[in-house]
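1. have a look at this fold, sequence not included:
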């Protein structure tokens, strides 16, 4: 081995220019790419949400035609799930996981580059479908046949873009598993790993297990449309409902993929600003693992009304309600961590607290939806929309934003503007509730989802929700401004950044060197 | 944690192949989509994308092989490769699980329901009252108009024997590499690759026979599950055989040592994986 050459490898800085970002193998560079990509997609997906809400501001059809409205609901979901939340999590993992476990980099650095660089191409294909004959996909992100098979020219592009995003996710997840299993610093035993590492470890297994199942499901859609197979065609002995089973076998673990890393982020942040150790660390780990396990046996609660044997309805109802137990353990532990802590309320803590309260609201409406007889009333109404937006926006997204504020001083070496951060928190929190809370009411009153027009009795609450949507959307510009300002300068951050922060990332300088932990630290 | 404190983990400086891979994939899949939409430029774009992907794979794997041969990797990096390969194989297992799940669902639920079982009684009576065919079935609308059943004898059985034998020859080659018996290694690998391609050839013969009898991909749920499961399996056997072929060429070139031959093992793991999938196919598609 050419020792001198590899030593030189290790002490160089980043290459100059654009090619640095295209060919990088550095986990911090790739993490930055993921995070910027996610932020850009957040604004694109958000713009689509505003088109949806504008149309729904009052009854009747005024701004877009129904077909375009359906394209917007479909693309909004696909972008927010695969283009915003998942890349943001992978970006945070790329930046922080190696540092938090004392690793030199990610385990498979070249593949790491590819996991990111598939994404812009995959989304390029997906977004281009909006300009094709017959428009973009409009059957909802769940792609239920036979409706989804009526998509125009966009159809094969949609299927293959989903394949590409799946390949990217699987490679990212494999990399995270390999990094955690192989690159922990000496002494960093599994039960000493920070909670963010643990939740990502479990999330990565979920990704590896279910993304291929999604690939299989959409492949069957493709062959049903173009090659004459009968998977989802009753005339040939198949069943459209079969697609829903396969899809939700992916889809339910997927919703935990979208929340578990946020659990981890909040579990990092609350102890820091409570100046106490996390209450019930090992129960947090076991609760996360239990949620992940249960996620594989609850999928048909998305399909209570499609026609299932009664035993199936009961089984999926009970297993679903069981999830409330480990989730309750988590919420209990977060609150117990704060109990008698010396708490301060910097922006990351505010977002984490907002997460705990509002995610729990989403959890409770989920419990209502879990009950089969009640779900018959709620299914496909705005109550469902309210439920999953509560767990995804003030849940997953607030967790991500909390993580960004928490580590932004570490990444840039500068403190962000605390006042601006607090304004961002309060406007986001107020508007997100104005946006989504009324949806519970119209949903319980029977307003169906995915329809551009509605009965006049729903008008007031819809108008309120639209005001909330624009308020929430424009509040996010504050985040963009704040991040740019923080990168360009500001008060210098110390290495420790936060008084109560624990963990390896705070032992490095702010910003950390291009290659952190070339020599691994030893954990006592 | 295989490393001692203070060890150095190899991180390549730049990765120039991934971006090429993304461009290739985009051309390949975008071109295929365009072809499916009956656009004449679809096929050439798809083929050019395929060429780019192949070129990328030669470049990327070649670079890793050169690094490995010059000793850039220690046991520590080796473990990352092992973890990566094993979880990749697990993801492949889950891909097949989706199709096995479809087969199970069709046989246990959708076909019995169409035949009037349980809550399907009224549907059967109203829509498909003449439908009485049990598995294998091409559905109540008699899709593709064929009732041909793929038996497990003789070709699938011969193929089972071939794949199991290839597992043995591969293990034999693995033992040879460990005792540094290059000749046995090359013979074992060559036999395995040959058996792999014979398997694929016999599958092609079987497909031809099926199509001759009118049993096609379009023959309802039976044709769909049969051809998609065996087709994806055949594709994986071909890939596995190509991997082993590369290992054979590398063995002839003098790569690998008795201690360090992870690429060989990765290809062997992959081969055993397609072997096990075949056993599942043999039982659930052909016998039951």
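-> Structure received. All values derive from a computational prediction rather than experimental measurement. Residues are numbered from 1 along each chain as shown, chains lettered A, B, ... in the order given.
2. spatially central residue in the chain, please.
-> Picked chain A for this. residue A:85 (2.8 Å; Cα atoms, centre = their mean).
3. let me rephrase: I mean chain B.
-> Centre-nearest of chain B using Cα atoms, centre = their mean is residue B:236, 1.7 Å out.
4. the closest residue to it other than its chain neighbours - how many residues pack around it?
-> Spatial nearest neighbour of residue B:236, excluding adjacent residues (Cβ to Cβ, 6 or more residues apart in numbering or on different chains): residue B:274 at 4.8 Å. Where you see a C-beta, it was placed from the backbone N, CA and C, and this is true even at glycine. For residue B:274, the count of nearby residues is 25 (other Cβ atoms under 10 Å in any protein chain shown).
5. doesn't residue B:274 fall inside a helix?
-> Yes - looking at residue B:274 with DSSP: H, G, I helix; E, B strand; the rest coil, it is inside a helix.
6. contact partners for it?
-> Applying Cβ atoms under 8 Å, 6 or more residues apart in numbering or on different chains to residue B:274 gives the contacts B:163, B:233, B:236-237, B:240.
7. now the helices for the stretch 151-288 of chain B?
-> B:155-178, B:182-212, B:220-253, B:262-281 (DSSP state H, counting those that start in this stretch).
8. and what of the stretch 1-150 of chain A?
-> A:3-11, A:19-23, A:27-55, A:66-78, A:86-100, A:109-128.
9. and the shortest one, how far from the chain's centre?
-> By that I understand helix A:19-23. Averaging C-alpha positions (Cα atoms, centre = their mean, to the nearest Å) puts helix A:19-23 26 Å from its chain's average.
10. that one: which residues count as buried?
-> The neighbour-count check on helix A:19-23 (16 or more other Cβ atoms under 10 Å in any protein chain shown) flags A:21-23 as buried.
11. next: stretch A:461-474.
-> A:461-473.
12. nearest to chain B, of those?
-> Among the buried residues of stretch A:461-474, residue A:473 lies closest to chain B (Cβ to the nearest Cβ), at 30.5 Å.
13. wait, residue A:367 touches residue A:322, no?
-> No - the criterion here is Cβ atoms under 8 Å, and residue A:367 misses it with residue A:322 at 10.9 Å.
14. tally of neighbours for whichever residue of chain B sits closest to chain A?
-> Closest approach between chain B and chain A, counting by Cβ to the nearest Cβ: residue B:98, at 2.7 Å. By other Cβ under 10 Å, 23 other residues sit near residue B:98.
15. equivalent analysis for residue B:167, please.
-> Using other Cβ under 10 Å, residue B:167 is surrounded by 18 other residues.
16. ok, residue A:200 - contacts?
-> So residue A:200 contacts A:89, A:93, A:97, A:176, A:180, A:260-261, A:264 (Cβ under 8 Å, 6+ apart).
17. again but with residue A:394, I slipped
-> A:354-355, A:358-359, A:361-362, A:429, A:432-433, A:436.
18. in helices, which of the residues you listed fall?
-> Mapping the contacts of residue A:394 onto helices (DSSP state H) picks out A:354-355, A:358-359, A:361-362, A:429, A:432-433, A:436.
19. can I get the residues you listed in a markdown table with pLDDT and neighbour count?
-> Output for the ones in helices among the contacts of residue A:394, formatted as a markdown table (pLDDT from 0 to 100; neighbours: other Cβ atoms under 10 Å in any protein chain shown):
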| residue | pLDDT | neighbour count |
| --- | --- | --- |
| A:354 | 97 | 23 |
| A:355 | 97 | 27 |
| A:358 | 97 | 21 |
| A:359 | 96 | 27 |
| A:361 | 96 | 19 |
| A:362 | 96 | 21 |
| A:429 | 97 | 20 |
| A:432 | 97 | 23 |
| A:433 | 97 | 17 |
| A:436 | 97 | 26 |
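20. mind checking how far the residue nearest to residue B:236 is from residue B:228?
-> Separation of residue B:274 from residue B:228 (Cβ to Cβ, to the nearest Å): 16 Å.
21. with residue B:280 instead?
-> Distance from residue B:280 to residue B:228, by Cβ to Cβ: 14 Å.
22. the more surrounded of these two?
-> residue B:228 (22 against 16).
23. who are the contact partners of the nearest residue in space to residue A:63 that is not next to it in sequence?
-> Nearest residue to residue A:63, sequence neighbours excluded (Cβ to Cβ, 6+ apart): residue A:55, at 4.9 Å. For residue A:55, the contacting residues are A:61-64, A:69, A:452, by Cβ under 8 Å, 6+ apart.
24. point out the most buried one among the helices of the stretch 1-150 of chain A.
-> Greatest average neighbour count among the helices of the stretch 1-150 of chain A goes to helix A:86-100 (a mean of 27), per mean count of other Cβ atoms under 10 Å in any protein chain shown.
25. which pLDDT value belongs to residue A:173?
-> pLDDT, residue A:173: 97.
26. cool, residue B:70 as well?
-> For residue B:70, pLDDT reads 88.
27. phi and psi next, for it.
-> phi -90, psi 10 (degrees, to the nearest 10).
28. tell me how many other residues surround residue A:165.
-> Neighbours of residue A:165 using other Cβ under 10 Å come to 26.
29. quick one: stretch A:366-375 to chain centroid distance?
-> With Cα atoms, centre = their mean, you get 24 Å for stretch A:366-375.
30. and it, what's buried?
-> Per 16+ other Cβ under 10 Å, stretch A:366-375 contains these buried residues: A:366, A:369-372, A:375.
31. helices - which of these land there?
-> Within the buried residues of stretch A:366-375, residues falling in helices by DSSP H are A:366, A:369-370, A:372, A:375.
32. circling back to that earlier point, residue A:454 versus the residue nearest to the centre of chain A, what's the distance?
-> 28 Å.
33. do the same with residue A:336
-> 43 Å.
34. chain neighbours aside, what residue packs nearest to the one residue in the stretch 151-300 of chain A that gets nearest to chain B?
-> The minimum distance from the stretch 151-300 of chain A to chain B, using Cβ to the nearest Cβ, falls at residue A:216 (2.7 Å). Distances taken as Cβ to Cβ, 6+ apart place residue B:98 nearest to residue A:216, at 2.7 Å, with adjacent residues excluded.
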